[in-house]
Each structure stands twice: as C-alpha cells, then as structure tokens.
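Participant: Take a look and give me a structure for this.
(chains A and B)
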Amino acid sequence: MTRVFLSVALSLVLAMPAMAEPVAKPIPIGVAVATTSNIALFGQEQVNGAKIAEAYFNAQGGVNGTPIKLVFQDTAGDEAGAVNAFQSLITTAKVVGIVGPTLSQQAFAADPLANSAKVPVVAPSNTAKGIPQIGDYISRISAPMTVVAPKSLQKALALNPGIRKVAVLYAQNDAFSTSETSVFQEAIKTLNLKIVSLQKFQTTDTDFTTQVTAVLGSAADLVVVSGLAADSGNLVKQLRQFGYKGPIVGGNGLNSPNMFPVCGALCEGILVAQAYSPQADLPVNKEFVKRFEAVYKKSPAQFSAQAFAAVQAIVEALRKVEKDTKKKITAMDLAAARQAVNKALLSGMLLHTPLGEISLDPKGEVNQKQFYVSTIRMNPGGKTGAFVLTK
Amino acid sequence: MEDFLARYGFLFVTILQQALLGLSLYLPLMAGQLSLASIGFYSLGGYVAAIMGTHPALAPLRDALGFYVYPLEWLVALAASTILGAALGYPALRLRGIYLALATIAFVQVFGVVVLNMPIAGGAIGIFGIPQPFENRLAYVWFFGPLLVLTLLFLWRLERSGTGRLFFSIREDELAAGAMGVNVTARKVQAFVLGCALAGVVGAMSAPLLNTWNARQGTFDAAVACLAYVLIGGRRSKWGALLGAALLVSLPELLRPLQNSRMILNGVVLVLACIYMPQGIAGLFARRKA
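Facilitator: Numbering: from 1, shown residues only, chains lettered A, B, ... in the order given. Predicted coordinates:
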C-alpha cells in the first residue's frame, strides 16, 4: 500500500509531460566513458576513437547531409558517476543515443536508466554476460571473448606442438579477466592439455613473486595470462626474469601498447588474442588508421576501434531511419527518433567497421566474424614494439 | 523544475547516502577512534541486500513479503554488521591511533578479497539486476531521507546522554577517562559497532539504488572518500559529515560543464579547504558562534 501511495505521489511530482521536442541540429550523440579515475587509460582511447568517427562521418556528409555532434560526459570509474553522466546526456544534452560506459559494472548501474527513458545505448567495451539482457534499448558491439581465446591457444600449440602442462594466471578483481580465464580453462581441457597451476592476482599488484614461483615449480611449458596491461606487463616481466623460457599466451587485456613500457624487451613473443588489429586489410580500417595516426601519432588500440564502431552503428541507424521513413531526423520528435534509432540498430543491418563485418541481433548482442591472433615484436632497445599478425 | 529533478535527483540521493556513510565514520570518531572499516560494512550490507534480492532460492520469500522484503534486508544487514563489527572491534580497538586505522584498512582489503572468491557474490562482475522498489531514482529519498533524519536525531540525543559524554571523554583524553573509571574498551567498541551497523544498513539500501553490487563498492579509495567527507566537513560535529558529503559529491557534478578540467578545480577546492578550514566547514560555524 505504502509503495503504491509513494509511487503515485512521486509520479505526480515527476510526471514528465510528453512535450514534443525536436532533435537538435547537428544531431547530438552522447559518449559517456571514463576520462578520469584509474580506468581513464581505456576511456581516453575510446574518446580518441569516437572523435575520429565524428570527423570521418561528418566528412561523408553526416546523416544524409545533417552533421552529427558527439557530446562527451565523463563517467569516472564508479557506478554513480556513470549514472550521472547518462542522466546529463539524456536530460540536458538530449542525445538520440549513447555510446558507453567503459566498464560492464558501470553498465549494470547506468543502462537501466537509459532503458527506462527509451534511449538506445551501444556499449563499446562491455563484455560481461547479461549486458544486452538489461533491456530492449541496450546493445553492444564488443564481442565476449568466447570465440577468440581458444584461437590463440591453438596457435600456441601449432607453434610448439610439445606443450602438455599449462599454468593459468588471472586478475581475480577484474570482471573481464575472470570471465576470459574460464573460457581459456575450458579450451585448455578441450585441447587435452593439463592445468598444472592456477594462480590469482589483483590488477593493483606489482609484486608477483608468489605466483611466479608457483608457476616455475609446476614446470609448466605454457603460461596463459588474463589481466590488464600494467599488472600483466609486470607479471610477464617477472616470469622472464625468474627464468621462464616457454611461450606465453595473453588475453585481450594484454592487447594494448601500454604493455610495452612495463615489460620492455621482455614483452617479446607474447601471443595475444585480439578483437581488432590495426593491420586488418579493410578499406574502412585503413582510412580509420590513417586518420588516427595523423592526429594521435600512434596506431589505434582496440578500445578506439570499438568506440569508432559504436558511433558508426548509431550513425548508420540514423541514416536507415531517414531512408525508411523518408523524413529528416531533425524534423522528428526526439522521443520518436530515439525509438526509431533503436529499432534500426536491432534490425540486423550489416556494418562494415574497422573491426570487420559486424551485425547486431534483435536482442542487441553482437555478431563478429573475424578475430585475430598477434605476436608482440619489440624493437631493438626494448622501448617500442608492435602487434604483428601471426601467420 | 521537472528537468532539474530529473537531472539532479540521483545526485541528491547520492548526497544523502554518502552523508550517512560519513556519519558512520563520525560515530567512532566521537570516541576518538579513526576507523576506515565503515566501507567494508557498507559493502557487506550491499551484498546482503543484493543476494536477498536476486538469489533464486529466496524467490518465495520475496513473493510473500512484497515491498517488505526491503526492510527485512536492512534488518539482516544490520544484524550481520553488528555481529561482525563487535567481533572485529574487540581485538582491533586494542590498537591506537594510526594502528587502528591500518587494521581497519586491512579489514576492508581482506573483505574485498573474500567476496571476490565467494561464488554467491558473483566474483568480479558482482551481482546485477537487483530488483528496484521505485521506478524513479529520486524516490530513494524515501529510503535515505528518513534514515538520515533518524540518525541525526539519534546523534543529537546521544551527544547529550551519559554515553555520548563518555565517548567525548575518551576522545579528549583516553588516559584521563580510564583513570576516572570509564570502561574505555567497552565504550570504544560501542561507538565502533554503532558506526558499522549504520554503514551496513546504508549498504543494504544502496544495492537497489545502484541496481548492481560488486567488490568495487568497498575499496580503499571509497574508504578514503568517506574519510574526506568527515575531514573536510568537520570531524568534531555531526553536521560535518553532512556538509562534507554535500560538497564533495556535488562539486564534480556541478562542475560538469567544465569538462576535463573539472577534476583539477575539484582538487584545488579540497586543498584550499584543508588549508583554510582545519576544523572543517562545520568548524567555521562553531568559531563564529563562540
């Protein structure tokens, strides 16, 4: 009873009158990622990728002649920050769709808000189970790593057929690493290999003596690491310094040039599973890499390419809406435009992104065809390096 | 007005929530004990509510209770925090000053690692899809508002009661209080457990608010943020936690138009507050009265 009374009272106070509000020109698209806090490294890469997308699509004429404008809001690293950023984009910036947030945990807090406001969200980097299931307005272009992890293992086996004993290490406080390691462990069992050592660490750790000693004691001939760039870099460095000579397979968290300054020359030879490779031979990727390198003087990371693809998904959805309804987006009511964009997103249209061909299924889950396995090759001096596609 | 409420409703609720967390630090500080354990109990309370709200085995209970499952969650969190608080408090409060602070930080770290390894707590992703009692997040004012008013009333009475004066006597001089016959350890544990219990209930209320709960809620960073509310607001007054939380939570949001430089200005304000208001914001008002 209380509940009924309270909700009625509040809905009277908060009743948002359904005012017809037009879509602003240029068309605002929200980007809510972490540009501050301890995950800002990822967020910054996402901002870079999104900015290239804005310039790229506006150079193409935007949405059939109407330019787009990205509105950036910082979510910081916590859940409350993500909610506030989403709120600001929805009510103040009046965006037609949102790209973000950076972490899956933030998505679980902020996405329901966008969903109840009927604003489409395209997640550029949320890989946890259950993200598209949050609601009808939530989709993602970041593939869960179930497909790609086994591939890097197979590659390692092909290069070193003698491998039998595997040591698995993962960051237990990182959502992505814990789900990735279970995929790795599953794949190891399917390949008839034996896990001789299973070690956990924290993404904030710097000293890995305990884990490294255990791995060396188990006489493993393959090491599989799931973690983030800084911790995994230190872990690999200490593994090599303590005398581990065998191959190392890294998860997607090691797929970042931020590794290089941490493990230096000792990064050499790590096999990494990737959802994106700057070397992918696709026209849109070549253009993306060219523009990215011209502005930021480095090659784009996966987070940047995924942010680009997320913006692309919304832009192409906007174009599809105009084509299907034969009406200008800017002539539409904001609420109707948001719903139409979401419908277009989930219509299964094929997107030619730097990640390769992707499409979204009606539930908002991504279908990505192509994945990559690369080897880290360090330049002489051990300061810089590159991910080279493994043949 | 509607736009304003929609835009800042969640922020307002967050201020109340964080103020309550600040007050949970103020309680042990009344007896002079600097404890950072609150955030651990906040995390515990959140997990209690998240598990009770989502665990499939408890579905019949949720259906039977309806809305009353929320008060039940608070009570369970309260009981769990009180018991764990007392168990932790007795050994920990034999330590003084900086060592107590370190022991409570250790507790927060240990608790974080423990929940990461408990399958029921969902590992690093945590628990998500926690049922919402309200459609709109501003409506959580009905959770946090009354709790804040009750807590402030309780503190107001406590400060004037014998127990409160015993707390203050320990804060001013522990040795002298002991010499006067105050049971120092018992009083310190009492103040500490009160703070833990409050933090636990706030956590249980916060899990539905955030819709998700994970180990990132109870980190050292969050503990320091709560400590900052009390230090910036004023650690010798109950209003300090309230003012500190209001300032520190709203500042980054109000500065949002400044984009990336907002965190710089946020930091500058904090540094200036520390230098020019050593007694906190509440201290400013106290001096004026005197």
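
Participant: and B:P257, how many neighbours?
Facilitator: Neighbourhood size, B:P257 [other C-beta atoms under 10 Å in any protein chain shown]: 8. Every C-beta, even on glycine, is put in place using the N, C-alpha and C of the backbone.

Participant: so which strand or helix has the closest residue in space to B:Q17 that isn't next to it in sequence?
Facilitator: Once flanking residues are discounted, B:Q17 sits nearest to B:F144: 5.3 Å by C-beta to C-beta, 6 or more residues apart in numbering or on different chains. Using DSSP states H and E, B:F144 sits in helix B:141-160.

Participant: Give me the helices and strands touching that helix, please.
Facilitator: Helix B:141-160 is packed against helix B:2-30, helix B:162-172, helix B:184-210, helix B:238-254, with contacts defined by 3 or more C-beta pairs under 8 Å, 6 or more residues apart in numbering or on different chains; DSSP states H and E.

Participant: Just the angle for it relative to helix B:184-210, thanks.
Facilitator: On the basis of axes from the mean of the first three to the mean of the last three C-alpha atoms, to 10 degrees, helix B:141-160 is oriented at 170 degrees to helix B:184-210.

Participant: And the contacts of helix B:141-160?
Facilitator: Applying C-beta atoms under 8 Å, 6 or more residues apart in numbering or on different chains, the contact partners of helix B:141-160 are A:6, B:12-13, B:16-17, B:19-20, B:23, B:26-27, B:30, B:70, B:133-134, B:164, B:167-168, B:198, B:201-202, B:205, B:209, B:238, B:242.

Participant: and the residues you listed, which are buried?
Facilitator: A:6, B:12-13, B:16-17, B:19-20, B:23, B:26-27, B:30, B:70, B:133-134, B:164, B:167, B:198, B:201-202, B:205, B:209, B:238, B:242 (16 or more other C-beta atoms under 10 Å in any protein chain shown).

Participant: residues near A:T36, how many?
Facilitator: Neighbour count for A:T36, taken as other C-beta under 10 Å: 19.

Participant: tell me the secondary structure for it?
Facilitator: Secondary structure assignment for A:T36 (DSSP: H, G, I helix; E, B strand; the rest coil): coil.

Participant: Looks like it contacts B:I264 (just checking).
Facilitator: No. Here A:T36 does not reach B:I264: they are 9.8 Å apart, not a contact under C-beta atoms under 8 Å.

Participant: Any regions of the chain where pLDDT drops low?
Facilitator: Defaulting to chain A. Across chain A, the ranges flagged by pLDDT under 70 are A:1-20, A:145-146.

Participant: hmm, I had chain B in mind actually
Facilitator: Short version for chain B, where the test is pLDDT under 70: B:287-290.

Participant: Now the residue in the stretch 151-290 of chain B that chain A sits nearest to: closest residue in space, sequence neighbours ignored.
Facilitator: Closest approach between the stretch 151-290 of chain B and chain A, counting by C-beta to the nearest C-beta: B:T212, at 3.6 Å. If you skip the residues right next to it in sequence, B:T212 has A:F108 as its closest partner in space, 3.6 Å away by C-beta to C-beta, 6+ apart.

Participant: tell me the contacts of A:Q44?
Facilitator: Counting by C-beta under 8 Å, 6+ apart, A:Q44 makes contact with A:T35.

Participant: Can you tell me how far it is from A:V31?
Facilitator: To A:V31, A:Q44 is 12 Å away according to C-beta to C-beta, to the nearest Å.

Participant: ok, back up a step: quick one: the residue of the stretch 151-290 of chain B closest to chain A and A:E79 touch, right?
Facilitator: Yes. B:T212 lies in contact with A:E79 (C-beta under 8 Å); the separation is 6.5 Å.

Participant: Identify the contacts common to these two.
Facilitator: A:105, A:108-109.

Participant: before we move on, back to that, next up, phi/psi of the residue of the stretch 151-290 of chain B closest to chain A, please.
Facilitator: The phi and psi values for B:T212, taken as degrees, to the nearest 10, are phi -150, psi 150.

Participant: quick check, B:C274 in a helix?
Facilitator: Yes. Checked against three-state DSSP, B:C274 lies within a helix.

Participant: Pretty sure it sits against B:I232.
Facilitator: Yes. Shown here, B:C274 and B:I232 form a contact pair, counting by C-beta under 8 Å, at 7.3 Å.

Participant: check contacts around the one residue in chain A that gets nearest to chain B.
Facilitator: Residue nearest to chain B within chain A (C-beta to the nearest C-beta): A:F108, separated by 3.6 Å. By C-beta under 8 Å, 6+ apart, the residues touching A:F108 are A:79, A:128, A:130-131, A:134, B:126, B:128-129, B:211-212.

Participant: likewise A:P300?
Facilitator: Each residue near A:P300 by C-beta under 8 Å, 6+ apart is listed here: A:45, A:48-49, A:52, A:278, A:288-289, A:292-293, A:308, A:354.

Participant: swap in B:G195?
Facilitator: For B:G195, the contacting residues are B:24-28, B:35, B:37-38, B:85, by C-beta under 8 Å, 6+ apart.

Participant: One more pass at 6 Å, please.
Facilitator: By C-beta atoms under 6 Å, 6 or more residues apart in numbering or on different chains, the residues touching B:G195 are B:24, B:27-28, B:38.

Participant: so which strand or helix has A:K343?
Facilitator: A:K343 belongs to helix A:334-345 when assigned by DSSP H and E.

Participant: Please list the residues outside that helix that contact it.
Facilitator: Here helix A:334-345 makes contact (C-beta under 6 Å, 6+ apart) with A:21, A:23, A:94, A:96-97, A:118-120, A:137, A:139, A:317, A:320-321, A:329, A:360.

Participant: Go ahead and confirm B:L11 touches B:L251.
Facilitator: No. With contact defined as C-beta atoms under 6 Å, B:L11 does not count as touching B:L251 (10.6 Å).

Participant: Thanks a lot, see you next time.
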